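**Q** Take a look and give me a structure for this.
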Amino acid sequence: MRISKLEVATRQLDAAIDHFLRGDYLPALTLSGAAEEILGSLARRAGHPVAVDQIVAYHFKDTDPALSDPARRGVIVDVLNQGRNQAKHANDPAETHFDLGQIDPLQMIMRAMPMAHRLGGRFGNEAAMVGWIRAHPEAVR
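**A** Sure, this is the predicted structure:
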């Protein structure tokens, strides 16, 4: 099977949304995290905005100005990717568990969706996800 990277990402995103809507947050996080990473690379190549870059730019002023610019960016990116990285890495022997919340896959899905759109990606669960977001305004505050 030959499949484009855009289709890989949109299928991952679609599956992530399906898991999220069923309350199955771990596969929702790993799938949306993988999709978001691919979509970020594709968006950058196409000259489109990348969600992480936009969030970093917005919150850059909130970081310690004594740090170097790359370190300040790193602080924000570490926070943004904490849940995804905890789910996919086991580098620290002292880290045997992690706390997974609804917010972890939700923010990955919300980062991925606009990039998928800009790239022309289509996914069947989009309307259901938008409906969920509208029905749960407390989740996105």
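
**Q** remind me, longest helix of this protein?
**A** Longest helix of the chain, by residue count under DSSP state H: helix 25-46.

**Q** M129 and L21 touch, don't they?
**A** Yes: here M129 lies in contact with L21, judged by C-beta atoms under 8 Å, at a distance of 7.2 Å. In short, each C-beta sits where N, CA and C put it, glycine included.

**Q** Which one of the two is surrounded by more residues?
**A** Neighbour tally, M129 and L21, criterion other C-beta atoms under 10 Å: the higher count belongs to M129, 21 against 14.

**Q** Now do the same contact list for I38.
**A** 5-6, 8-9, 12 (C-beta atoms under 8 Å, 6 or more residues apart in numbering).

**Q** Can you give me the buried ones in stretch 52-59?
**A** 52, 55-56 (16 or more other C-beta atoms under 10 Å).

**Q** Dump that stretch to CSV, restricted to CA.
**A** Below are the C-alpha coordinates for stretch 52-59, written out as CSV (Å, rounded to 0.1, in the frame of the first residue of the first chain):
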residue,chain,number,x,y,z
VAL,A,52,3.4,24.9,17.8
ASP,A,53,5.2,27.9,16.3
GLN,A,54,2.1,30.0,16.7
ILE,A,55,1.6,29.0,20.4
VAL,A,56,5.3,29.6,21.1
ALA,A,57,5.2,33.0,19.5
TYR,A,58,2.1,33.9,21.6
HIS,A,59,3.6,32.7,24.9
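
**Q** got the contact list for it?
**A** By C-beta under 8 Å, 6+ apart, stretch 52-59 touches 40, 73, 76-77, 80, 111.

**Q** I'd like those laid out as TSV, including neighbour count, secondary structure and pLDDT.
**A** Output for the contacts of stretch 52-59, formatted as TSV (neighbours: other C-beta atoms under 10 Å; DSSP: H, G, I helix; E, B strand; the rest coil; pLDDT from 0 to 100):
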residue	neighbour count	secondary structure	pLDDT
G40	20	helix	96
R73	18	helix	94
I76	18	helix	92
V77	15	helix	91
L80	19	helix	87
R111	22	helix	94
